[in-house]
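Engineer: For reference, the sequence and a predicted model appear below.
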Amino acid sequence: MQHYGVKAGDVLKKSSGILIAFSLVACGSGVETTTEITTTIDSVTESTEGVLCDYSYSEYNDSESVQATSTSNWSCSSNTRDLVANGIPDHDVGEFPNEGNPNTIYEQSVSESFTLEPVETTSSTTLGGPRGNIGVVLNGIKIDAGTAGSCDDSGDSCSLVDNSGNWSIEALGQDVFYFGTDSNNAHVQPDGTYHYHGMPEGFIALQGGDSSNVTLIGWAADGFPIYARYGYSDAGDETSDIKLITGSYQLVSDISDSRPSTDIYALGSFLQDWEYVEGSGDLDECNGRVGVTPEFPAGIYHYYATDSYPYFQRCVKGQL
């Protein structure tokens, strides 16, 4: 059973300044030029207190690869958001073990604590794998967008479990390496931990997330919220149309001479194949932006799970 402890407009300790967005169009001599001034919200510190502080779930998952009860319980203290969960997904999953993933899903002891007053900074911190947890979906399943796989410069020596090579293998967006991910863009680590590399489709479906909703799906390590796929077309206007949000990473145009052959490993196979190009999408280098959401109508920095690279944030912009 799920419980939602949030109402639009709940608990915002800091008012944000908003600049109105408009366009200036100049026409003359058959030439039209357009200058856009985009909406800007000054987000420094926000409280997330009162938003989904009592989210809880406990139901038996009868998926063939699970056959166990999924539990996830969130609560808020005076200054932290706390999670206790067992790492069992609350939605249908693919077959595990499978050809690309020989591991079985087992219960975990998940205990996380995030600040209720995240602070956006001007710098970013890369997380993931041994560098720390990126964040957690509300169902208690961890986010780990990268992989432990890599190739050496020649491309003759590649491993899905050894990150000693210079070229880090991506789990999604390529068809050379198979990590056994299911329709939820998830698979299982050797210790039995089920985790997401990309869009958690099954969970989003359970939340009713679709093109008509801006759907909060989890919390990042720095305490800022994570949304799935859709956001407001005008970041500062909750009455604007909802659109598909895209990341701002593009395939590199200058391919390193030391890279394994693109004839074998198409661009996009490796993390190093992508570069952040400001303004090419909707989001910053950490797959986030400042804007309004249903839970934070005055605006807050927040992340997105996207269908485009990097799928989930690979870094965080808040203080840790």
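Structural biologist: Everything's here; your move.

Engineer: use CA for all of it now, contacts and neighbours both
Structural biologist: Fine.

Engineer: quick one: least confident helix or strand in the protein?
Structural biologist: strand 22-28 (a mean of 33; mean pLDDT, DSSP states H and E).

Engineer: Quick one: end-to-end distance for stretch 95-102.
Structural biologist: 10 Å (CA to CA, to the nearest Å).

Engineer: Identify all contacting residues around it.
Structural biologist: Contact partners of stretch 95-102, identified using CA atoms under 8 Å, 6 or more residues apart in numbering, comprise 64-65, 103-105, 178-182, 187-188, 190.

Engineer: Give me the distance between that stretch and the centre of its chain.
Structural biologist: 24 Å (CA atoms, centre = their mean, to the nearest Å).

Engineer: Could you pull up the mean pLDDT of it?
Structural biologist: What stretch 95-102 shows for mean pLDDT is 97.

Engineer: Check which residues of it are buried.
Structural biologist: Glu95, Phe96, Asn101 (16 or more other CA atoms under 10 Å).

Engineer: Quick one, grab the pLDDT at Thr45.
Structural biologist: Value listed for Thr45 in the pLDDT field: 51.

Engineer: hang on, the earlier thing: dump the buried residues of stretch 95-102 to TSV, plus secondary structure.
Structural biologist: Below are these laid out as TSV (DSSP: H, G, I helix; E, B strand; the rest coil):
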residue	secondary structure
Glu95	coil
Phe96	coil
Asn101	strand
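
Engineer: possible to save these as JSON lines with distance to Ser159?
Structural biologist: Converted to JSON lines, the buried residues of stretch 95-102 look like this (distance: CA to CA, whole Å):
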{"residue": "Glu95", "distance to Ser159": "22"}
{"residue": "Phe96", "distance to Ser159": "20"}
{"residue": "Asn101", "distance to Ser159": "13"}
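
Engineer: What average pLDDT does stretch 67-81 get?
Structural biologist: Stretch 67-81 shows a mean pLDDT of 97.

Engineer: ditto for stretch 242-262
Structural biologist: Mean per-residue pLDDT for stretch 242-262: 97.

Engineer: how long is it end to end?
Structural biologist: 37 Å.

Engineer: Could you tell me which residues within it count as buried?
Structural biologist: Ile242, Lys243, Ile245, Thr246, Gly247, Ser248, Tyr249, Gln250, Leu251, Arg259, Pro260.

Engineer: chain center to it, what's the gap?
Structural biologist: With CA atoms, centre = their mean, you get 18 Å for stretch 242-262.

Engineer: shift numbering so it begins at 58
Structural biologist: Fine by me, first position is 58 from now on; the one you just mentioned is stretch 299-319.

Engineer: what's that stretch in contact with?
Structural biologist: 208-212, 224, 268-271, 286-290, 324-325, 330-342, 344, 361, 363-368.

Engineer: The contacts of stretch 152-159 into CSV, with extra columns for distance to Gly144 and neighbour count?
Structural biologist: As requested, those are exported to CSV (distance: CA to CA, whole Å; neighbours: other CA atoms under 10 Å):
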residue, distance to Gly144, neighbour count
Glu121, 16, 12
Ser122, 14, 16
Asn160, 15, 19
Thr161, 13, 19
Ile162, 9, 23
Tyr235, 23, 14
Phe236, 20, 21
Gly237, 19, 21
Thr238, 17, 23
Asp239, 16, 19
His244, 12, 29
Val245, 11, 22
Pro247, 14, 12
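
Engineer: Widest-spaced pair of these?
Structural biologist: Across those, no pair lies farther apart than Glu121 and Tyr235, at 21.5 Å, counting by CA to CA.

Engineer: for the stretch 158-307 of the chain, what are the low-confidence residue spans?
Structural biologist: By pLDDT under 70, the low-scoring segments of the stretch 158-307 of the chain are 186-189.

Engineer: all strands of it, in order?
Structural biologist: Along the stretch 158-307 of the chain, counting by DSSP state E, counting those that start in this stretch, strands occupy 167-172, 177-183, 192-194, 199-200, 207-208, 215-216, 224-225, 243-245, 251-253, 272-277, 282-285, 287-289, 299-301, 306-308.

Engineer: between these, which gets nearest to Leu140?
Structural biologist: Leu140 lies closest to strand 167-172 among the strands of the stretch 158-307 of the chain, at 5.1 Å (CA to CA).
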